[in-house]
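Participant: Sequence first, predicted coordinates after that:
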Amino acid sequence: MMKHQDLSRQIIGTLRHKDSVLVLGIESSCDETAASVVKNGRTILSSSIYSQIDLHTVYGGVVPEIASRAHVEKIDVVVDLALDDAGITLEDIDVVAVTCGPGLVGALLVGVSYAKALAFAAHKPLIGVNHIEGHICANYLTHPHLEPPFLCLVVSGGHSHILSVTRDDEYRVIGCTRDDAAGECFDKAARVLGLPYPGGPSLDKIAQEGNFEALVLPHPHTQGRYDFSFSGLKTAFINALHTMDQQQKPYEVKDMAASFRKAVVSSLVEKTMMAAEDLKAPCLLMAGGVSANRLLRKTMQEECDTRGITLYMPDLALCGDNAAMIAAAGYRKAMRGQFDDLNLNAQPALRLI
Ligand code: KG4
Ligand code: ZN
């Protein structure tokens, strides 16, 4: 039997000679079942997403068991749809890429098992993709000529990191959250305000109409110059609401949402700009679900313009979980010969660095 390394070399040789390399991406790490076909790591031929929002709304958050079951029910349909929309069959696919972590273990296992079966049955190379790397790679789909090096702010439900990306696969953590992630905080704040799940987008929407000066919140302090801390802010916000409720002081939900959003965004922008200035970064990327936040996009753009820094953000449709970003990351791994074999497993706590 051919050794894995030799096989990788053989596949990479074949792929490099092709004009068009088609990667099928599969994503099932949380509450979205998604599949996508991407050409040469840059062009989306199809992207199908089945969102489980309706299933989890009644519980106010993602229920892991329900998520896994829904992935099992939908993955087949979603993959077929992605192939149909791209006008191709499984035969035409060059590589199968799948999110293998981080995420909910049961949810990840559905995608990983499906991708392994598909790759085995159709004799296609398999690649496991780190979900966070996928979020970063969403930018390659929106900005066709983008290449590292760059500084990157990753803000999602579980991550708030400033990374220095010198090359594909070469990440250095410049700063990170000391406690909660920004997305997690938005979700919690939305919940205490009685806003519907998913909290972050709901809070962002209502905050557009609110007065951000209505509630004064503490400015988070951290020891690390580029680190974030959101748990103190979150607690101060919840306490302020409780106090107003107890004292029967009226307040507008939209004003509270605007004040909270402003505090989180200010902290994200301030620390990122400090890192960008200190490291003399010519360009900055944003990635992850929270990069859809309207105030964050606007403020970051203004601050980057002032400093002459080029800002890259994914299209709004590519900020949240999707499979096109997994296919884009898979393509780059394929071109580096980083294939997996059928021992690929779900890694719920997979780290980028
Ligand atoms: O990247 P993502 O889709 O999933 C993870 O990998 O975690 O991020 C989801 C997070 C959730 O916490 C969600 O509330 C937050 O991103 N989010 C937002 C917005 N859209 C999504 N937070 C603030 N404003 C938004 N517009
Ligand atoms: Zn995500």
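Facilitator: Thanks, I have it. Ligands and ions are numbered 1, 2, ... in the order given.
Participant: Any stretches of this structure with poor pLDDT?
Facilitator: 1-3 (pLDDT under 70).
Participant: Domain parsing of it, as residue ranges.
Facilitator: According to automatic domain parsing, the chain comprises the domains 4-138+320-335, 150-281.
Participant: And these: which comes nearest ligand 1?
Facilitator: For these, proximity to ligand 1 was assessed by CB to the nearest ligand atom; domain 150-281 is nearest, at 2.2 Å. Where you see a C-beta, it was placed from the backbone N, CA and C, and this is true even at glycine.
Participant: Between its first and last residues, how far does the closest one reach?
Facilitator: Domain 150-281 stretches 7 Å from its first residue to its last (CA to CA, to the nearest Å).
Participant: Then stretch 78-93?
Facilitator: 16 Å.
Participant: for stretch 51-69, same thing?
Facilitator: Where stretch 51-69 begins and where it ends lie 13 Å apart, using CA to CA.
Participant: again, but for stretch 209-229
Facilitator: Distance between the two ends of stretch 209-229: 26 Å, counting by CA to CA.
Participant: contacts for it?
Facilitator: 160, 162, 174-179, 182, 230, 232-233, 236-237, 240, 251-263, 266-268, 271, 274-275, 278 (CB atoms under 8 Å, 6 or more residues apart in numbering).
Participant: Pull out the buried residues from the residues you listed.
Facilitator: By neighbour count, with 16 or more other CB atoms under 10 Å, those hold 160, 162, 174-179, 182, 230, 232-233, 236-237, 240, 253-263, 266-268, 271, 275 as buried.
Participant: So which of the residues you listed sit within helices?
Facilitator: 182, 232-233, 236-237, 240, 253-263, 266-268, 271, 275 (DSSP state H).
Participant: near ligand 1, which residues of the chain show up?
Facilitator: Within the chain, the positions adjacent to ligand 1 are 30, 131, 135, 156-158, 183-184, 186-187, 198-201, 204, 288-290, 292-293, 320-321 by CB under 6 Å from any ligand atom.
Participant: from those, which are also near ligand 2?
Facilitator: Contacts with ligand 2 are made by 156, 321 out of the residues of the chain next to ligand 1, judged by CB under 5 Å from the ion.
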